[in-house]
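Peer 1: Sharing a model prediction with you, sequence too.
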Amino acid sequence: MPGYPVGHPPPGWPPYGHPHVLGYGQLDPRLDRRSRSRRRRKPSRSRSRRPRKGAARARKQKPRPPPSPPEKAGVDGAWEVSKEEKGLQLTSELAPPGVQWDVKLRDVSRRCFAAFLPSPISDARCREFFQKIRDGTEWLQPDGALGPIPRKTSWMVCQGCTCRYRYGGVEVEPVTYPPWMIELLGVYMPYCGINNPSDWPNGCNVNLYENGSHQVGWHSDDEPLFQGKFRDIRIISLSLGQPRRFDLKLNWPEEGEQPETHMSLGCGSLCTMEGMTQKHYMHRVPRESENLGPRINLTWRWVVQHAGSCAHGRR
Ligand SMILES: O=C(O)CCC(=O)C(=O)O
Ligand SMILES: [Fe+2]
């Protein structure tokens with residue numbers, strides 16, 4: 001698909017592997033900004049480099065404002081070269097006729113886009129998926145700098161990928177896509193114009209927000225695995241359960257620009273972040289009133305820079 005990096009599943013796709021949860025963690029979101037691209041500190045000699053099974057490893061991190069703005073690369077003062085020049089096609093353009101994506105963020109100068117699709121499936125089906133995921137995931141709630149992170153989480157990958165997810169001083173072991181993930185991808189990818197399983201996302205961050213106090217602070221999904229600071233990428237997010245607010249914020253707003261974009265992500269809805277959004281924007285799910293019900297969110301991504309030790313990296 002022009003403009004999009006895609007995963008390359010191994011022979012034997014789709015994977016019906018056994019869930020294999022080893023560990024996961026992330027920076028304490030009470031710091032309210034979770035930049036995941038910080039340099040890692042040297043590991044202390046007395047500690048093993050590998051996280052122990054079933055647990056995540058976290059180190060103290062200090063919040064840091066975004067670095068100074070990058071140089072502009074486009075013409076006539078544009079931040080980036082144009083979408084047309086790059087051949088970037090948006091989900092709203094790739095989706096089949098009749099599927100009405102609402103492009104909520106259209107930042108042409110930065111080649112950043114975010115779109116929303118209300119639930120295309122029935123409430124009953126959404127509830128079924130919610131239960132399958134809630135009961136079929138070994139949820140982890142690792143410690144951040146100030147205690148347990150305020151949500152539960154898992155990092156899932158297509159069969160054969162062994163890439164850990166490292167961000168915010170935390171290293172997370174991968175879990176192979178369980179059968180319900182394959183089912184979900186089969187239902188939702190066609191709404192995004194992705195019809196061939198070999199083009200499906202090969203990684204997914206799964207979060208469980210048990211109530212309104214669960215949240216994720218400002219961050220961007222800019223880890224080297226996805227290369228979102230350097231090229232167009234697409235992240236597709238599915239929300240199930242309690243509707244929650246989702247905010248996007250410009251890193252380097254210019255005079256007169258609206259710095260924030262807000263959405264409400266309801267049960268069964270999809271939301272995308274496309275192009276260079278992980279370079280120019282941060283996003284978050286803010287804390288709300290405690291008595292809100294549970295929500296599950298899946299953010300599908302394409303791992304394009306596999307670890308040297310990963311079989312996918314060696315092919
Ligand atoms: O829950 C959401 O909608 C966003 C989750 C997120 O930003 C992430 O997993 O990186
Ligand atoms: Fe994110």
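Peer 2: Great, that's in hand. These numbers come from a predicted model, not from an experiment. Numbers count the residues shown, from 1 in each chain. Ligands and ions are numbered 1, 2, ... in the order given.

Peer 1: For the closest residue to ligand 1 within the stretch 201-315 of the chain, give me its contacts.
Peer 2: Going by Cβ to the nearest ligand atom, ligand 1 is nearest to Asn297 of the stretch 201-315 of the chain, at 3.3 Å. To be clear about C-beta, it is placed using only N, CA and C from the backbone, and glycine gets the same treatment. Neighbour list for Asn297: 206-207, 209, 237-240, 265, 285 [criterion: Cβ atoms under 8 Å, 6 or more residues apart in numbering].

Peer 1: so which two of those residues are the farthest from each other?
Peer 2: Greatest spacing in the contacts of Asn297, by Cβ to Cβ: Val206 and Leu265 (14.7 Å).

Peer 1: about what we covered before: out of the contacts of Asn297, who has the most neighbours?
Peer 2: Ser239 (28 neighbours; other Cβ atoms under 10 Å).

Peer 1: Skipping its backbone neighbours, what lies nearest it in space?
Peer 2: Leu265 (4.0 Å; Cβ to Cβ, 6 or more residues apart in numbering).

Peer 1: Tell me the pLDDT of that neighbour.
Peer 2: On pLDDT, Leu265 comes in at 98.

Peer 1: Do I have it right that it meets Arg244?
Peer 2: Yes: counting by Cβ atoms under 8 Å, Leu265 touches Arg244, with 5.8 Å between them.

Peer 1: Now for the closest residue in space to Ala73 that isn't next to it in sequence: which residues touch it?
Peer 2: Closest residue to Ala73 apart from its sequence neighbours, by Cβ to Cβ, 6+ apart: Glu80 at 5.4 Å. Counting by Cβ under 8 Å, 6+ apart, Glu80 touches 72-74, 109-111, 275-276.

Peer 1: what two of these are the furthest from one another?
Peer 2: Across the contacts of Glu80 (Cβ to Cβ), the longest gap, 15.5 Å, separates Lys72 and Gly275.

Peer 1: Neighbour count for the two, which is higher?
Peer 2: More crowded of Lys72 and Gly275, by other Cβ under 10 Å: Gly275, with 27 against 13.

Peer 1: Identify all residues paired with that one through a beta bridge.
Peer 2: Per DSSP bridges, the residues bridged to Gly275 are Cys112, Ile233.
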